[in-house]
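Chemist: Structure, please.
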Amino acid sequence: MSHIRGLLKGPKFNGRHSTVIPNAIPAVEAARDCPHVTKIALGVITPIRAAQEHLKFTPSSGGLKMQVRGTNAVQMFWLYTTHPNEAMEEITRKWDAR
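Modeler: Sure thing, here's the model as predicted:
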């Protein structure tokens, strides 16, 4: 597990760790650049068997829970936003364009 230098810097990030699975980097960059997302909290990384990567959103109070399934791990992120639909659309668009 690794992260790109500078990816997790700035006022939108909080948390005790700075590890992002490689497959989640495009989604985290899209969330970071999205004007509708005010804060991003990194979640737990769970190892899994090899599988197809995908992006999933679940509405929660105060924003969205974003799950990124990579080829060998799943990571959760909590996105704080008052415009969840717009944030989902923008992040999904950038995820699909990668």
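Chemist: what are the ranges of the strands in the chain?
Modeler: Per DSSP state E, the chain carries strands over the ranges 13-14, 37-47, 54-60, 63-69, 73-81.
Chemist: Looking at the ones you listed, which is nearest to Arg93?
Modeler: The closest of the strands of the chain to Arg93 is strand 54-60. By Cβ to Cβ, the value is 10.9 Å. Backbone N, C-alpha and C define where each C-beta goes, glycine included.
Chemist: ok, the closest one: who's next to it in the sheet?
Modeler: As defined by DSSP bridges, the strand partners of strand 54-60 come to strand 63-69 (antiparallel).
Chemist: report the angle between the axes of the partner strand and strand 73-81?
Modeler: 160 degrees (axes from the mean of the first three to the mean of the last three Cα atoms, to 10 degrees).
Chemist: buried sites along strand 63-69?
Modeler: Within strand 63-69, the residues that count as buried by 16 or more other Cβ atoms under 10 Å are Gly63, Leu64, Met66, Gln67, Val68, Arg69.
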